[in-house]
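**Student:** Any chance you can model this:
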Amino acid sequence: VQVRRAVEEEYKQKYNEIVEERRKAMETVERLKQGIEKAHNELVDAQKREEELKGTVSRLEGERRENDEEWSKEVRRLCNENRRMSKEGAEMLQEIGELEEYIMQMGGEET
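**Tutor:** Okay, here's the model as predicted:
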C-alpha cells in the first residue's frame, strides 16, 4: 500500500510538473503571439506611413513640375514681351530720327 501511495505521489508530482511546464509554455506562446501581432501591426503602420510619404513626395514632385512649367511659361512670356518692347523701342527711335530729319528739312526750307 505504501509503495502504491509513493508511486501515486510521484505520479501526481510528475503530472503537476508537466501541467506547470505546459502552463508556462502556453504563457510563453501567448507572449510570443502578442509580440508577433505587435510587430505585424507596427509593420502595417510603417507600410501605411511609407505609402503616405510616397504619395506626398509624388504630389510635391507634381507641384514642382507644375511650378517649373509655370515659371518657364512666365520666363518665355517676359522674354517675348522684352523682344516686342525692344522692337517697339527701336521703331520709335527710328520714327524720332525720321521726325527730327523732317523737322530739320522743314526748318531748312523756311530759312
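**Student:** residue boundaries of the helices in this protein?
**Tutor:** With helices called from DSSP state H, the chain shows them at 2-110.
**Student:** most centrally placed residue in it?
**Tutor:** Nearest to the mean C-alpha position of the chain, counting by CA atoms, centre = their mean, stands Val57 at 2.2 Å.
**Student:** can you pull the pLDDT of that residue?
**Tutor:** Val57 is assigned 92 on the pLDDT scale.
**Student:** repeat for Glu109
**Tutor:** Predicted confidence (pLDDT) for Glu109: 69.
**Student:** Counting neighbours, what do you get for His40?
**Tutor:** For His40, the neighbour count with other CB atoms under 10 Å is 10. Any C-beta I mention is one placed from the backbone N, CA and C, and that applies to glycine too.
**Student:** Hmm, I typed the wrong one, I wanted Leu93.
**Tutor:** For Leu93, the neighbour count with other CB under 10 Å is 10.
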